[in-house]
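Student: Output the structure for:
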Amino acid sequence: MASISLKAFVGLRQSSDTYSSGHVLPINNIPAAQPTTRGLRIVAGKFSPKVTGRNLRVAVVGGGPAGGSAAETLAKGGVETFLIERKLDNCKPCGGAIPLCMVGEFDLPLDIIDRRVTKMKMISPSNVAVDIGQTLKPHEYIGMVRREVLDAYLRERAAASGASVINGLFLKMDAPKGPTAPYVLHYTGYDSKTGGVGDRRTLEVDAVIGADGANSRVAKFIGAGDYDYAIAFQERIKIPDDKMAYYENLAEMYVGDDVSPDFYGWVFPKCDHVAVGTGTVTHKSDIKKFQLATRLRAKDKILGGKIIRVEAHPIPEHPRPRRLAGRVALVGDAAGYVTKCSGEGIYFAAKSGRMCAEAIVEGSENGKRMVDEGDLRKYLEKWDKTYWPTYKVLDVLQKVFYRSNPAREAFVEMCADEYVQKMTFDSYLYKKVVPGNPLEDLKLAVNTIGSLVRANALRREMDKLTL
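Tutor: Numbering: from 1, shown residues only. Okay, here's the model as predicted:
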């Protein structure tokens, strides 16, 4: 089997010299963070100055799951909160799958979940289909949501908690002129008076959470660095009722060079239609060709369907080199929190937004004291400790199984194993790397090696045929 080179996982568990390795901010931005002495922990508490005559002010830029969750937590914690979002009816191209644990953790009402998926089909390059879901318990499912519904609900809940939701386009911000001086945000505000034109406005705040997606302007301000990104392309297709019944509680995932050289194609059920899409990092210019191939693979099941919406959007492939500077932190897609292999981001966006906000609330003593970089860094430390294993495992899986069609055939074959399904679903539904049974792990390792050996043999035979 060919050896696989694993790069250091960028953005997680940074060494202390990361912040002095050449990431220079523009002159109008805040200075680059200096490395701190190992073991030194900066805390707020009684040593941080009190905020007089008002509460701590925080701006959350971006109103998706990360921004909505952050704004709600801040507002409930006594922080004066401003949530800035340009497109309040935004429909991000997203499969829309959420794990079961998110429903409980974020107290989501069941009426915003379009479908409860209890069965999945993983379909190989040669169209071998494996049914997945036999290990699910009666109460377990994968939730399917529409982003325009979920995002709006989380923003409305933040507003009900006391956050000010601003319909505006964030433009830039000015760095503070002192340790406790404010950041000045510049944005175009839209309301009934300005109409679609909008007018330029400013807002002074003490801290900023960048939840503004893969093309984050907040990330550019702190010199967060670039990352690889995928293009996700999705069509929402209204299909006949009899065909929709097939997808009542079923989702499909297609793998193969035809649908994506480094990702997968999907058919996910929504309330009255299906979302059909794909993504790629390495061949972005061919995304429409991959989308056509995905539709062709599923053609018999979506025959007679009508495309009602077409969507495309960049999706980050790994965390940014820098996710924090001064009193500015990144969360969600802006930070790069989308997993390899599965492409999941909704739960991690909401969770990171909440964790960052909790660090601010705690550090400011419920909005009564100023915060600093040390307070926000607690969020990163907690995030990396909790989720680094999940990202690393999925990064390795993508490198091993998404590199060729024979490897994908081996992957689908492996998914038929009941133990694999149980481990996969337990890890996905509850967002933990589940410890396995040693004997079953050994059997799985042997079976995996066997599948890969067969895959490599098949690849060699296929190479001969193409010569």
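Student: Phe82 versus Ala152, what's the distance?
Tutor: When distance is defined by CB to CB, to the nearest Å, Ala152 is 18 Å away from Phe82. To be clear about C-beta, it is placed using only N, CA and C from the backbone, and glycine gets the same treatment.
Student: So those two - more neighbours on which side?
Tutor: For Ala152 and Phe82, the more surrounded residue by other CB atoms under 10 Å is Phe82, and the numbers stand at 23 against 17.
Student: so that one is in which element?
Tutor: Using DSSP states H and E, the element containing Phe82 is strand 80-85.
Student: Next SSE downstream of that strand?
Tutor: Towards the C-terminus, the helix or strand next in line after strand 80-85, according to DSSP H and E, is strand 97-98.
Student: Provide the strand pairings for that next one, with the direction of each partner.
Tutor: Take DSSP bridges as the rule and strand 97-98 pairs in its sheet with strand 142-144 (antiparallel).
Student: can you give me the mean pLDDT across the partner strand?
Tutor: The average pLDDT for strand 142-144 rounds to 96.
Student: Next SSE downstream of that strand?
Tutor: Next along the chain from strand 142-144, counting by DSSP H and E, comes helix 147-160.
Student: residues in contact with that following helix?
Tutor: With CB atoms under 8 Å, 6 or more residues apart in numbering as the contact definition, helix 147-160 has outside contacts at 63-65, 67-69, 71-72, 75, 81, 83, 85, 88-92, 94, 96, 98, 106, 108-109, 112, 114, 165, 346, 350.
Student: tell me the mean pLDDT for stretch 86-105?
Tutor: 87.
Student: List the buried residues for that stretch?
Tutor: Neighbour-count burial for stretch 86-105, with 16 or more other CB atoms under 10 Å as criterion, is recorded at 86, 90-100, 102-103.
Student: From those, pick the one nearest Lys193.
Tutor: Taking CB to CB as the measure, Arg86 is the one of the buried residues of stretch 86-105 closest to Lys193, at 17.0 Å.
Student: list the contacts for that closest one?
Tutor: With contacts defined as CB under 8 Å, 6+ apart, Arg86 is in contact with Asn167, Gly168, Leu169, Phe170, Tyr190.
Student: all strands of the stretch 1-150 of the chain, in order?
Tutor: In the stretch 1-150 of the chain, the segments counted as strands under DSSP state E, counting those that start in this stretch are 57-61, 80-85, 97-98, 115-117, 119-123, 129-132, 142-144.
Student: So in that sheet, which strands flank the first one, and in what orientation?
Tutor: Which is strand 57-61. Pairing partners of strand 57-61, with direction, according to DSSP bridges: strand 80-85 (parallel), strand 207-210 (parallel).
Student: one step back: distance from the strand holding Phe82 to the middle of the chain?
Tutor: Its chain's C-alpha centre lies 21 Å from the corresponding centre of strand 80-85 when counted by CA atoms, centre = their mean, to the nearest Å.
Student: Just the angle for that strand relative to helix 147-160, thanks.
Tutor: Per axes from the mean of the first three to the mean of the last three CA atoms, to 10 degrees, the angle that strand 80-85 makes with helix 147-160 is 160 degrees.
Student: After the helix or strand where Gly168 lies, which helix or strand is next?
Tutor: Assigned by DSSP H and E, Gly168 falls within strand 164-174. For strand 164-174, the following helix or strand on the C-terminal side (DSSP H and E) is strand 183-189.
Student: on that earlier part again, mean neighbour count, the strands of the stretch 1-150 of the chain: which tops it?
Tutor: Each of the strands of the stretch 1-150 of the chain was assessed for mean neighbour count using mean count of other CB atoms under 10 Å. The highest is strand 57-61, with a mean of 29.
Student: What are the contacting residues of it?
Tutor: Contacts made with strand 57-61 from outside it, assessed by CB under 8 Å, 6+ apart, are listed as 67, 70-71, 74, 79-84, 163, 170, 182-183, 185, 203-212, 217-218, 353, 357, 360.
Student: Would you list the buried entries among those residues?
Tutor: Buried by 16+ other CB under 10 Å: 67, 70-71, 74, 79-84, 163, 170, 182-183, 185, 203, 205-212, 217-218, 353, 357, 360, out of these.
Student: remind me which residues of this protein are low pLDDT?
Tutor: By pLDDT under 70, the low-scoring segments of the chain are 1-46, 93, 194-195, 433-467.
Student: OK, contacts around the spatially most central residue of it?
Tutor: Averaging the C-alpha coordinates of the chain gives a centre point, and the residue nearest to it by CA atoms, centre = their mean is Gly345 (2.1 Å). Listed by CB under 8 Å, 6+ apart, the contact partners of Gly345 are Cys94, Ile315, Gly332, Asp333, Tyr337, Val338, Thr339.
Student: what about 6 Å?
Tutor: Taking CB atoms under 6 Å, 6 or more residues apart in numbering as the contact definition, Gly345 lies against Val338.
Student: in the stretch 201-350 of the chain, which spans are strands?
Tutor: Along the stretch 201-350 of the chain, the segments classed as strands by DSSP E, counting those that start in this stretch run 207-210, 229-238, 250-256, 260-269, 274-280, 306-316, 324-325, 328-330.
Student: what's the angle from the second one to strand 306-316?
Tutor: What that stands for is strand 229-238. Taking the same axes, to 10 degrees, one finds strand 229-238 and strand 306-316 inclined to each other by 160 degrees.
Student: ok, Asp286 to Gly67 distance?
Tutor: If you measure Asp286 against Gly67 using CB to CB, the figure is 32 Å.
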